[in-house]
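Asker: The following block contains a protein sequence and its predicted model.
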Amino acid sequence: MKKNKSSVKNKSLTCPGCKGDVYDSNLKRTLGRKVWLWGTVSSLKKEDLIHGNFQWACDSCFESGKALMGNPDVQLYCDFDPNLAYIDLEKTCEKCREVYVFKKEEQKYWYETLRFWIQSKPKHCLKCRQEVREEKQLNNELSILLKEKEKLTIQDMERLSEIYQEINKPDKSKYYKNLVEKAKRKNS
Ligand SMILES: [Zn+2]
Ligand SMILES: [Zn+2]
């Protein structure tokens with residue numbers, strides 16, 4: 001009787017962290033954990049790991065520091081399984097196409113401190129994310145400066161020239177640089 005159940009019990013799983021075969025004895029920190037799933041508190045079973053899309057790791061990975069413990073209580077998830085563990089993930093940047101590592105510490109911060117939805121993933125590498133952010137900031141500054149074009153001071157125009165240079169619009173940069181020079185000549 002109940003042969004199916006025992007075959008699942010003795011079945012090994014491949015740990016996403018170390019890629020090794022792991023049995024229940026190496027899943028003590030995961031199996032039996034109480035997690036809020038589908039509107040009720042569940043005690044995690046091996047079947048959940050097999051059929052779900054949890055991020056998890058074996059005890060050895062936690063002990064060696066290869067994996068960080070995830071805390072579903074503070075994660076935002078609904079129709080997606082929470083992160084039981086964080087391990088470094090390799091991803092390809094959609095902007096520069098380079099492979100980068102989405103580090104476990106960064107993931108924990110992303111999902112548990114910033115509380116982004118569990119299924120959201122960064123599209124870009126850190127370098128490109130910084131570039132995108134800087135570009136956004138520059139564009140904001142630009143629209144503020146250009147709001148009252150007729151009231152631009154020399155410093156404003158100098159700044160406009162700099163910004164256009166930074167966002168790769170050399171013609172506009174040159175235009176404001178010329179205006180600055182003209183204004184300075186007039187003042188002297
Ligand atoms: Zn492992
Ligand atoms: Zn990139």
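Answerer: Looks like it arrived, so ask away. Ligands and ions are numbered 1, 2, ... in the order given.
Asker: From N140, how far off is the residue positioned nearest the centre of the chain?
Answerer: Here the mean C-alpha position of the chain is nearest to the C-alpha of P122 (Cα atoms, centre = their mean), at a distance of 4.0 Å. P122 is 22 Å from N140, where distance means Cβ to Cβ, to the nearest Å. Quick note: C-beta positions are derived from backbone N, CA and C, even for glycine.
Asker: next one: V8
Answerer: In terms of Cβ to Cβ, V8 sits 55 Å off from N140.
Asker: same deal with Q155?
Answerer: Q155 sits 18 Å away from N140, going by Cβ to Cβ.
Asker: cool, W56 as well?
Answerer: 41 Å.
Asker: Between these two, which is the more surrounded one?
Answerer: Between W56 and N140, W56 has the larger neighbour count (other Cβ atoms under 10 Å), namely 27 against 10.
Asker: surely that one meets A85?
Answerer: Yes. Between W56 and A85 there is a contact under Cβ atoms under 8 Å: 5.0 Å.
Asker: who touches both of those two?
Answerer: Jointly contacting W56 and A85 under the rule Cβ atoms under 8 Å, 6 or more residues apart in numbering are T30.
Asker: Leaving out chain neighbours, which residue sits closest to D156?
Answerer: Excluding its sequence neighbours, the residue lying closest to D156 (Cβ to Cβ, 6 or more residues apart in numbering) is L145, at 5.5 Å.
Asker: Quick check: buried residues in the one helix or strand the one you found maps to?
Answerer: Following DSSP states H and E, the helix or strand that holds L145 is helix 126-147. Buried positions in helix 126-147, judged by neighbour count with 16 or more other Cβ atoms under 10 Å: C128, L142, L145.
Asker: what about G70, neighbour count?
Answerer: So G70, with other Cβ under 10 Å, has 25 neighbours.
Asker: For it, which non-adjacent residue is closest in space?
Answerer: Spatial nearest neighbour of G70, excluding adjacent residues (Cβ to Cβ, 6+ apart): N83 at 3.9 Å.
Asker: same question, W117
Answerer: Spatial nearest neighbour of W117, excluding adjacent residues (Cβ to Cβ, 6+ apart): L76 at 5.2 Å.
Asker: cool, and S42?
Answerer: V35 (5.8 Å).
Asker: what packs against the one helix or strand that neighbour maps to?
Answerer: With secondary structure defined by DSSP H and E, V35 is part of strand 34-37. If you count contacts as 3 or more Cβ pairs under 8 Å, 6 or more residues apart in numbering; DSSP states H and E, strand 34-37 packs onto strand 40-43.
Asker: immediately after the strand it packs on, which helix or strand?
Answerer: Per DSSP H and E, strand 40-43 leads on to helix 46-51 as the next helix or strand towards the C-terminus.
Asker: Thank you, goodbye.
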